[in-house]
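K.L.:
give me the fold of what follows.
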Amino acid sequence: MSRSQRLLDLLQLLRRYKYPVSAETLASKLDVSVRTIYRDIATLQAQRADIRGEAGVGYILKPSSDLPPMMFTVEELEALRLGAEWVAKQANGEFSEAVNNALAKIAAVLPSEHEAKHREDVIRVASTINAPAVMVDLSELKQAIKHEDKAEISYIDAKGAISCRVIWPMLIGMFELHHVLVAWCETKQAYRNFRLERIQSWQNLQQKYQPSRHALLSEWQALEGINHSFNRY
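P.N.:
From the prediction side, this is the model:
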């Protein structure tokens with residue numbers, strides 16, 4: 001591996017950590033010596049990379065507009081494309097336009113010699129989504145979740161009974177056979193999963209719920225035994 005490539009790999013590795021990481025851990029990940037990590041850190045700092053820390057304490061990369069964007073590998077681009085295509089086929093095409101725009105922006109900034117521009121796809125996402133049609137406007141659900149607004153819904157349960165409920169929408173889960181809204185239900189005083197195709201009507205009440213969505217999600221994940229950490233390192 002060339003030194004320039006190693007420096008890029010070190011930057012990319014540092015981007016993945018939210019907290020200081022030791023030189024020993026970095027050396028193990030990159031299969032180099034700790035002394036090499038010290039030298040490379042010093043080189044990156046000299047090139048205006050905002051890396052804080054010191055030997056024996058650990059290092060962390062602070063966000064900086066001075067750093068150029070990392071160039072994607074072919075494998076990383078393929079993973080992004082496949083994930084984007086899968087998302088585009090969910091939610092009745094809700095994200096199709098956004099996906100196409102995102103992929104076009106990525107393609108536009110790739111240099112002409114990048115291998116991804118001259119490589120045929122070897123994996124594609126098939127149209128296997130069989131979720132029933134949803135009667136409510138998904139954009140209204142997303143808006144309520146983002147703004148932490150309460151909503152009143154008319155819902156048909158598995159037995160066909162219709163009920164009117166006030167809920168605190170938190171998260172939309174997309175599965176192959178159905179889409180689910182995770183929410184706190186004031187009627188049941190408990191967290192509930194609502195199948196989107198069973199929601200007959202939706203009214204945003206323009207009332208903020210408390211505690212925050214973040215706090216509710218943390219509690220729900222703990223109750224469900226879901227380990228959902230964005231920082232895995």
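
K.L.:
only C-alpha atoms from now on, for both contacts and neighbour counts.
P.N.:
Noted.

K.L.:
I'd like to know how many residues surround the closest residue to R195 other than its chain neighbours.
P.N.:
Nearest non-adjacent residue to R195, counting by Cα to Cα, 6 or more residues apart in numbering: V180, 4.6 Å away. Neighbours of V180 under the rule other Cα atoms under 10 Å: 17.

K.L.:
how would you label V180: helix, strand or coil?
P.N.:
Secondary structure, DSSP: H, G, I helix; E, B strand; the rest coil: V180 is strand.

K.L.:
distance of it from E54?
P.N.:
Applying Cα to Cα, to the nearest Å, the value for V180 to E54 is 47 Å.

K.L.:
what's the answer for N100, then?
P.N.:
43 Å.

K.L.:
do the same with G173
P.N.:
Taken as Cα to Cα, the span from G173 to E54 is 42 Å.

K.L.:
what do you get for P132?
P.N.:
55 Å.

K.L.:
check Y191 too.
P.N.:
Counting by Cα to Cα - Y191 and E54 are separated by 45 Å.

K.L.:
confidence score at I156?
P.N.:
pLDDT recorded at I156 is 95.

K.L.:
ok, now which ones touch the nearest residue to it once chain neighbours are set aside?
P.N.:
Taking Cα to Cα, 6+ apart, and ignoring the residues beside it in sequence, I156 has I162 as its nearest neighbour in space, at 4.5 Å. Shown in contact with I162 (Cα atoms under 8 Å, 6 or more residues apart in numbering): 154-156.

K.L.:
which of the residues you listed sits closest to T36?
P.N.:
T36 lies nearest to Y155 out of these, by Cα to Cα, at 61.0 Å.

K.L.:
which residues sit in contact with the closest one?
P.N.:
Counted by Cα under 8 Å, 6+ apart, Y155 has contacts 162-165, 198-201.
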